[in-house]
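Colleague: Okay, sequence plus prediction incoming.
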Amino acid sequence: MAVFLCLYSILIIAIDVQVFPSVLTRLGGNSVQQGLLLSSLFFLFPLSSALAGLTADKTGKKTVLSAGAAFLTIPFGISAIVKDLWIRTLAVLLFGIGMGAVEGQSSALLTDLYPGKERSILNLSQVFFCIGAAGGPFLISLAYRLHPDLKLPHLLWSVTIITSTVMIGFFLLNDKTSTSASLNPSGFKNVLQDREGRLLLLSIFLYVAPEMGTAGWLAKYTEEYLFLSKALAPLSLTLFWGGLGVSRALVGFLFHSIKDIQLLSAAFLLTFIFQISAFTVKTPAAALVFFFFIGFGMGTVWPTLVAMISMRFKQSSGSAVGLTVAVGATAIPIIHQVIGILSRESLFGLQYTLLGLGLLTLFNLYIIYTLYCIQDKWN
């Protein structure tokens, strides 16, 4: 039951996180207000993920997951009732708190439930995230196609009811692993004082930045530089997320014998090759194929890094994973601001800015080599 709830919660988060940007930005307000609404999704995500990890190690993960799921549910109800854009921005802020708590601790709980198979189960969980990320916009479009006169409050109430099942499920969960406290609740200190732990945190920051930077700007790049129509440009994002999902599924179900360091080295090398290829080629068909393989290369990195840090700090998995997710989340608003500044035509332009993300991937290859030298063996 605990495994199902963790996988289900990640799927629902991925779907839900598409609703606020896709729907609430249609409510009016100026560009500054809408920008604040979108960015508020990640304002408190890192803090909530870190604090949730500390709390989970002291009280058990069930309590944190139940509370976090409530923060996922309530904002949709608020948005359905209140029409004011600022109140709905507050709702998005609250959703970010819940997302940080649930994503981090559901991942930590999965690693607790599958000792020795952490990488496989986390890759599988992220397949559910990819399905939700790709399926969320499709479900919204389908809802409006089936019911052209669908009112926004009705859509939001539907999402509220669906998301509440996560909250109810975690509240009713009676699993010893999810309710037990950590044997060593000083997880932050352990990770930050450990050289390998610090390198893993840096690696996940440098990974999330190009992943989410690519995802956030890919459709615009495809439209402006490859001259695809507004209708076809989002196909690039579908292929990108599809590539992530395929590689995560392969690693989740197969290739268990590949060591973590080997897997990450291959992933970063493949990613770098196709980053260079995708943002230099001018042929749309070739670029779309390369976008898929950028995602394919990136796909297994996040689950593998989180699994590595969870395995290294087994006695305080909640804190260790919570801190890792928090560090990754801080990269998202930073990279979007950096891309927004550097992609101006007076500086580098969007093409060379996205091409420059390959430098972060190269740096990550160096970090993985350093980890290999520290361990003095594969894995």
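Modeller: Right, received. Where do you want to start? Numbering: from 1, shown residues only.
Colleague: Now the helix or strand harbouring Ile15: buried residues?
Modeller: Element membership of Ile15, judged by DSSP states H and E, is helix 2-19. Buried residues in helix 2-19, counting neighbours by 16 or more other CB atoms under 10 Å, are found at 2-3, 5-19. Any C-beta I mention is one placed from the backbone N, CA and C, and that applies to glycine too.
Colleague: residues in contact with Phe188?
Modeller: 50, 53-54, 319, 323 (CB atoms under 8 Å, 6 or more residues apart in numbering).
Colleague: Could you check the angle the helix or strand harbouring Ile87 makes with helix 2-19?
Modeller: Using DSSP H and E, Ile87 falls within helix 85-113. Using axes from the mean of the first three to the mean of the last three CA atoms, to 10 degrees, the direction of helix 85-113 lies 150 degrees away from that of helix 2-19.
Colleague: tell me the mean pLDDT over helix 85-113?
Modeller: What helix 85-113 shows for mean pLDDT is 87.
Colleague: on that earlier part again, list the helices and strands the helix holding Ile15 packs on?
Modeller: Contacts defined by 3 or more CB pairs under 8 Å, 6 or more residues apart in numbering; DSSP states H and E place helix 2-19 against helix 61-81, helix 85-113, helix 118-146, helix 152-172.
Colleague: mean pLDDT lowest for which of those?
Modeller: Of all the helices and strands packed on helix 2-19, the minimum mean pLDDT falls on helix 118-146 (a mean of 80).
Colleague: Go through the helices and strands packed on helix 2-19 and name the closest to Phe272.
Modeller: With respect to Phe272, and counting by CB to CB, the nearest of those is helix 118-146 at 20.6 Å.
Colleague: burial measure for Lys62, as a count.
Modeller: A count of nearby residues for Lys62, using other CB atoms under 10 Å, gives 24.
Colleague: do Ser265 as well
Modeller: 18.
Colleague: tell me the angle the helix holding Ile87 makes with helix 61-81.
Modeller: Here the directions of helix 85-113 and helix 61-81 differ by 160 degrees (the same axes, to 10 degrees).
Colleague: List the buried residues for helix 85-113?
Modeller: 85, 88-113.
Colleague: go on, stretch 134-147?
Modeller: Buried, per 16+ other CB under 10 Å, within stretch 134-147: 134-137, 139-140.
Colleague: What lies in contact with it?
Modeller: 14-19, 22-23, 150, 155, 158, 234, 238, 241-242, 245.
Colleague: Show the pLDDT at the spatially most distant residue from the centre of the chain.
Modeller: The centre of the chain is farthest from one residue, Asp149, which by CA atoms, centre = their mean lies 32.4 Å away. You'll see Asp149 listed with a pLDDT of 80.
Colleague: tell me the secondary structure for it?
Modeller: coil (DSSP: H, G, I helix; E, B strand; the rest coil).
Colleague: Point out where the stretch 151-300 of the chain drops to low pLDDT.
Modeller: 175-187, 230-231 (pLDDT under 70).
Colleague: Grab the nearest non-local neighbour of Lys220.
Modeller: Leu350 (6.8 Å; CB to CB, 6 or more residues apart in numbering).
Colleague: how close does the residue farthest from the centre of the chain sit to Phe128?
Modeller: 32 Å (CB to CB, to the nearest Å).
Colleague: Equivalent analysis for Ala143, please.
Modeller: To Phe128, Ala143 is 21 Å away according to CB to CB.
Colleague: Next: Phe42.
Modeller: Distance, Phe42 to Phe128, by CB to CB: 20 Å.
Colleague: same thing with Arg312?
Modeller: Arg312 is 25 Å from Phe128, by CB to CB.
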